[in-house]
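Undergrad: task: produce atomic coordinates for the following.
(one chain, ligands or ions: 1)
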Amino acid sequence: MAGAAHADNSGFVAVKDSHFERNGQRYMIAGANFWYGGYLGAPTGVGQRARLVKELDRMKALGINNVRVLAVSEKTAMKSAVSPATTSAPGQYDEQLLQGLDFMMAELAKRDMTAVLYLNNFWQWSGGMTQYLNWFTGSPAHDPNVSKDYERYMAENATFYTNARAQAEYRNVIAKIVQRTNTVTKKPYRDDPTILSWQLANEPRPGNSKATPQEKATYVKWIAETAHYIRSLDGRHMVSTGSEGLAGSAQDAQLYLDAHRTPDIAYLTYHLWPTNWGWFDPKKPDATWNGMMEKASHYLNVHVDYAKKLGKPIVLEEFGLNRDGGSFDIKASTKVRDRFYDAVFTTLEKRAAAGDPVAGWNFWAWGGAGRAANADYWWKPGNDFVGDPPQEEQGLYSVFDSDASSLKLIADHDKRLKTIGAK
Ligand SMILES: O=C1NC[C@H](CO)[C@@H](O)[C@@H]1O
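TA: Next comes the predicted model:
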């Protein structure tokens, strides 16, 4: 069975009775999104190894035991995307950046932390599927920050799943990463329990909000076949989708369930974005809080119910809210965000305490010592990396090392979650 439990002392995380288990103990994720962790680990160029070590020490001290990291990026002309990229062109890979991933994995292992590594991106901020389509169809890489047409962007991106040449290159990249030997530890990735799961992509969607039955069927097939391919290369690690849940499934519960039914997908993932989804207005917090929390509470709970239905664990692997007033300024307070985080953590703790298949959370996202460099808060090559990728203002959702109230909340709930998991 994919994701089946390992020998007690392997250190691998696996599924047992709809929960995670590691070395014979229940394993709960109290994690952070740290998309740029591999970039900081690079030996040259964008690498900032001293910062990476400091960030991991800070996270470890808070009890954070898992990071969710971008493992693969694609070189693109889009302004909203990070540069450089691990794939500079089909078949050409940046060994310096891949050594950055190696270094990060080695540092995580030293701290007994695990990583979820995503191998593609539905969004443009790392090149992603739109860049593959540019390479193999000649269509211009589509930056929705420029076109403002997300519906067209998502429908176009979904053609990635049926483009044979794009899929071939994507699988080449998957094979390259999954079969890689860490240049720092000399350990094959396949044998490294520091990896919690391989993840198909960040937020893969079946198409846009009007995804057709054919697009939905294609999406389910792509997930099953790609997960099976990864498991054929590496039968020891779990595989996950990177799905946002209903918001990334055209609000179609049957589709979300079907996408996670295959035995090669070990657990369910979901994300929670009240401002992005129009549930919350950071400039009108009092007027929009109650409605938002009603929707968020339902979203949090209904996905745990879906996981129960499939008998698999579920991880809330992204959630976030703006700084007060929607400010990007690191000096802005985070009272509303702290209230939201507290409500999210508490909801998941309640379900976990009831024995439901809650396997943990990753907040979005660790900004740590990074700082926005420009008055307009947009990222430019050479600037610090923060929790917000280049397609968003640098400070939008990041949790910085100076956000003391947020960090304390994370540490407190980290302990509570693990106490529940230890029972
Ligand atoms: O995966 C993601 N989900 C939401 C984040 C914040 O908007 C975004 O930065 C990222 O693309």
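Undergrad: who's in contact with residue 330?
TA: For residue 330, the contact set (CB atoms under 8 Å, 6 or more residues apart in numbering) comprises 371-372, 395, 400, 402. Just so you know, the C-beta spots here come from the backbone N, C-alpha and C atoms, and that holds for glycine as well.
Undergrad: now it: which helix or strand?
TA: With secondary structure defined by DSSP states H and E, residue 330 is part of neither a helix nor a strand.
Undergrad: now a PyMOL select for only the buried ones of the contacts of residue 330.
TA: If you want just the buried ones from these in PyMOL, going by 16 or more other CB atoms under 10 Å, the selection is:
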select buried, resi 371+372+395+400
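Undergrad: reformat the contacts of residue 330 into a markdown table and put secondary structure, distance to residue 125 and pLDDT next to each item.
TA: What follows is these, written out as a markdown table (DSSP: H, G, I helix; E, B strand; the rest coil; distance: CB to CB, whole Å; pLDDT from 0 to 100):
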| residue | secondary structure | distance to residue 125 | pLDDT |
| --- | --- | --- | --- |
| 371 | coil | 19 | 98 |
| 372 | coil | 16 | 98 |
| 395 | coil | 15 | 98 |
| 400 | strand | 19 | 98 |
| 402 | coil | 24 | 98 |
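Undergrad: closest to residue 316 among the contacts of residue 330?
TA: Proximity of these to residue 316 (CB to CB) peaks at residue 400, which lies at 21.4 Å.
Undergrad: my guess is that closest one contacts residue 386. True?
TA: Yes - the pair residue 400 and residue 386 qualifies as a contact (CB atoms under 8 Å) at a distance of 7.5 Å.
Undergrad: give me the common contacts of the two.
TA: 367-368, 370-371.
Undergrad: the ligand contacts on this protein?
TA: With CB under 6 Å from any ligand atom as the criterion, the chain meets the ligand at residues 123, 125, 202-203, 271, 273, 276, 318, 364, 389, 392, 397.
Undergrad: what is the nearest of the residues you listed to residue 248?
TA: Nearest to residue 248 among the residues of the chain next to the ligand: residue 203, at 5.6 Å, using CB to CB.
Undergrad: and the closest one, its phi and psi?
TA: When read as degrees, to the nearest 10, the backbone of residue 203 gives phi 60, psi 50.
Undergrad: roughly how far apart are it and residue 152?
TA: Residue 203 sits 17 Å away from residue 152 when distances are taken as CB to CB, to the nearest Å.
Undergrad: neighbour count winner among the two?
TA: residue 203 (19 against 13; other CB atoms under 10 Å).
Undergrad: what about the closest residue to residue 121 other than its chain neighbours, how many residues nearby?
TA: Nearest residue to residue 121 in three dimensions, chain neighbours excluded: residue 128, at 3.5 Å (CB to CB, 6 or more residues apart in numbering). When neighbours are counted by other CB under 10 Å, residue 128 registers 27.
Undergrad: before we move on, what about residue 290?
TA: Neighbour tally, residue 290, other CB under 10 Å: 9.
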